[in-house]
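Peer 1: Next come a sequence and a model predicted from it.
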Amino acid sequence: MPYTIPAAPTASPTPSLLHRELQDLLDTLARTHRVPGAQLALDTGTDVIAVHTGTADTATGTPFTADTAVPLGSLTKPCTAALVMLLADDGDLDPDEPAAAHLPELSGIPDVTIRHLLSHTGGLPTGPDSDTAATTTAARYLAAVCTARDALFAPGTDFSYSNAGYVAAGRLVETVTGMPWPEAMRVLLLEPLGVVPAFVGDAAPARPVAAGHALNTATGQARPARQNLAPLEAPAGALLASALDLTAFGNALIGRADLLPPAVAKEMRRPEPAARPGALADGWGAGLALYERDDRVWCGHDGNAQGTSCHLRADPESAVVVAFTGNAGGATALWRDLTEELGRLTGIRVPAGARTVDRGRPVALPDCVGTYRNGTTTYRVAPGADGAPALSVDGDLPIPLVCYADLTCDLSDPDTGRPQPGGRFHRDPATGRVDRVQISGRTARRITDDG
C-alpha cells in the first residue's frame, strides 16, 4: 500500500470568539513590540486555532500568511534529535554508545555518548562563530572543537548548550543514513508530518518565507536581516517553518502523531539528571527543553535566528500544543506577553521559560572574580564601578551581576536596570573553589583567578 503523507493541523474554517480574541491580541502585541509579522497556533487537543499578522518582509511588503515559513534558529535542534532517535528506534544506533563509534573525528572525547550530544551534557564548547565555521568542513570542525583539552566538564555531569554537539548529531544522521542532513530531514521527518521543507540558504524555496528583522532604535524602523549560518551548522539551526508546522511536530513529541512511536517521544522527554540548563529551561531531555508549570512538565524549545524568535510548547498530559513565530528580535518579549494573555483568555498557563524561584536577597560573591572560557569565547568577571561583580563577554561592555546564596545570578538589563535570569556559578566539591560559570545555558571553565 503506498504511503500517504498526512496533513498538518489546520485552523478551524469558522472563526470563533476565541479566534477573534487571539487575532486582536496578536495584532496588538505585534504593534506594541514593533514586530513586523507573527504567527500563533493553538491546538487544544480537540480544536486548532491559528492566527497571523503583519508583514513577512518589510523590503517587499509581502504579507504574513498561515503558510509563511520563518527561520527557526535553534528550534531546528529538536528536529535533528528526533531524526537521531528514530534511527535508534530502527536499531541503527544506540543513544548510550560513544558517538565516536560512528564519528572518528570525535575520537578525542571517547566517553561522550550520542545522548550527551542531544542533551548538551557532553561538556562540549559552543563552537566557533558561523563565519569561522564556513571556512572548514564538518569533520575538521568537530576534530578541532571536540577535544579533551577543551572539555568543560566530565561527560554526563553538567549542562552546556552546544551548537557543536548538534553539528555532530547532524553528521551522525548523515553517516548512518547515507543522506545529506537536509535530505534526511525532508524524507524522514518533514514530509511525514505534512510539512513543505524550507531551509536557510534555499535559492528557490518551495513556499513563502519570512525575513528576520533588526530594529533601528533611532528611527523605529525594522529592516530585513541577512541569515548568517554556515552550511555545516544546518542541523543546529537551518530549518524554516510556520507555527502550524511546529504544532504538527509538537503533536508528534507528545505521542499524538504516528511519526514518533510513543516510546520514542517519551524517551525524548525523559529528563537527564545532570542537565541543569539554568535560565534556558527547568530541565532537558534528548533534544527537548523541559518547562515546569503548575505541577506539569511541558516540552519544547526556543529558537532565535538573525531577527527572528520562535517558540514551541507541548503538554503531554493535556495534549495542548502552542507554537509561535515572530520575525524580529522583539518577538521574544511578545512571546512572554502572549503566554500571560493566553492564560487569561483560555485558562491554559503556558510556560514562557524557566520557572521563577525566590532566591532571597542578593549576596556578595567575591570569589567569582576571574576569567572563564568556553572554546574561543572568553567570559570575564571583574568588580564593577560599585564594587559588585560585572560580566563581559569577549571584551564587550560589562553587565552588572546580581548574585545569590545558591550561586545563581541575574544580569542587570543595561537599559532598565531590571534583573534578567543569567545563570549560575559552580564550586568544585573537593576544593570549594568557584571553577565554572554558566551564562544563558553556556558553561565556561575558569582559567585564571584575577579579575
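Peer 2: Received the coordinates, thanks.

Peer 1: first to last residue in stretch 341-355, what's the distance?
Peer 2: 17 Å (CA to CA, to the nearest Å).

Peer 1: Can you list the neighbours in contact with that stretch?
Peer 2: For stretch 341-355, the surrounding residues in contact (CB atoms under 8 Å, 6 or more residues apart in numbering) are 18, 21-22, 25, 29, 42, 44, 277-282, 291-294, 298, 302, 311, 313, 318, 320, 322, 335-336, 339-340, 421. Placement of C-beta: from N, CA and C, glycine included.

Peer 1: at 6 Å instead, please
Peer 2: 21, 25, 281-282, 291-294, 298, 313, 320, 322, 336, 339 (CB atoms under 6 Å, 6 or more residues apart in numbering).

Peer 1: can you tell me the average pLDDT over that stretch?
Peer 2: Throughout stretch 341-355, pLDDT has a mean value of 94.

Peer 1: Give the buried residues for it.
Peer 2: 342, 346, 348-354 (16 or more other CB atoms under 10 Å).

Peer 1: can you check stretch 372-385 too?
Peer 2: For stretch 372-385, using 16+ other CB under 10 Å, the buried residues are 372-375, 377, 379-381, 384.

Peer 1: Average pLDDT for it, rounded please.
Peer 2: Mean predicted lDDT for stretch 372-385 stands at 92.

Peer 1: just how off-centre is it within its chain?
Peer 2: Between the centre of stretch 372-385 and the centre of its chain there are 23 Å (CA atoms, centre = their mean, to the nearest Å).

Peer 1: before we move on, what about stretch 222-233?
Peer 2: Using CA atoms, centre = their mean, the offset of stretch 222-233 from its chain centre is 16 Å.

Peer 1: Run through who's touching the helix or strand residue 240 falls within.
Peer 2: Per DSSP states H and E: residue 240 is located in strand 240-241. By CB under 6 Å, 6+ apart, the residues outside strand 240-241 that reach it are 69, 71-72, 198, 209.

Peer 1: And the next helix or strand past it?
Peer 2: Past strand 240-241, the next helix or strand by DSSP H and E is helix 243-253.

Peer 1: And the contacts of strand 240-241, which two are furthest apart?
Peer 2: Spatial extent of the contacts of strand 240-241 (CB to CB) is set by the pair 72 and 209 at 11.4 Å.

Peer 1: Show me which of these two is the more surrounded one.
Peer 2: residue 72 (31 against 22; other CB atoms under 10 Å).

Peer 1: and the gap between the more buried one and residue 227?
Peer 2: Using CB to CB, to the nearest Å, residue 72 is found at 11 Å from residue 227.

Peer 1: Over to residue 399?
Peer 2: Distance from residue 399 to residue 227, by CB to CB: 27 Å.

Peer 1: ditto for residue 65
Peer 2: In terms of CB to CB, residue 65 sits 20 Å off from residue 227.

Peer 1: quick one, which of the two is more surrounded?
Peer 2: residue 227 (19 against 14).

Peer 1: What's the local residue count around residue 296?
Peer 2: When neighbours are counted by other CB under 10 Å, residue 296 registers 14.

Peer 1: from now on call the first residue 240
Peer 2: From this message on, residue numbering opens at 240, which makes the last subject residue 535.

Peer 1: of all the buried residues of stretch 611-624, which comes closest to residue 647?
Peer 2: residue 620 (14.2 Å).

Peer 1: my guess is that closest one meets residue 610, correct?
Peer 2: No. In this structure residue 620 lies outside contact range of residue 610 using CB atoms under 6 Å: 7.7 Å.

Peer 1: Please identify which helix or strand holds residue 259.
Peer 2: helix 256-271.

Peer 1: what do you get for residue 463?
Peer 2: Assigned by DSSP H and E, residue 463 falls in strand 460-464.

Peer 1: do residue 549 as well
Peer 2: Going by DSSP H and E, residue 549 is in strand 548-554.

Peer 1: what helices or strands is that strand leaning on?
Peer 2: Counting contacts by 3 or more CB pairs under 6 Å, 6 or more residues apart in numbering; DSSP states H and E, strand 548-554 packs against helix 482-492, strand 535-542, strand 559-565, helix 570-585.

Peer 1: Make a markdown table out of those and add distance to residue 505.
Peer 2: As requested, the helices and strands packed on strand 548-554 are exported to a markdown table (distance: least, CB to CB, whole Å):
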| stretch | distance to residue 505 |
| --- | --- |
| helix 482-492 | 10 |
| strand 535-542 | 10 |
| strand 559-565 | 16 |
| helix 570-585 | 25 |
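
Peer 1: any idea whether the closest residue to residue 403 other than its chain neighbours is helix, strand or coil?
Peer 2: The shortest distance from residue 403 to any non-neighbouring residue, by CB to CB, 6 or more residues apart in numbering, is to residue 366 (3.7 Å). Residue 366 falls in the coil class when you classify it by DSSP: H, G, I helix; E, B strand; the rest coil.

Peer 1: burial count for residue 633?
Peer 2: 9.

Peer 1: can you give me the helices in the stretch 340-489 of the chain?
Peer 2: 353-358, 369-372, 377-384, 402-416, 420-424, 430-432, 473-476, 482-492 (DSSP state H, counting those that start in this stretch).

Peer 1: Can you lay out those helices as TSV showing mean pLDDT, mean neighbour count and distance to residue 511?
Peer 2: Formatted as TSV, these follow (pLDDT from 0 to 100; neighbours: other CB atoms under 10 Å; distance: least, CB to CB, whole Å):
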stretch	mean pLDDT	mean neighbour count	distance to residue 511
helix 353-358	98	28	4
helix 369-372	92	15	26
helix 377-384	95	20	21
helix 402-416	98	24	13
helix 420-424	98	21	24
helix 430-432	96	20	25
helix 473-476	98	26	19
helix 482-492	98	27	16
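
Peer 1: All set, thanks.
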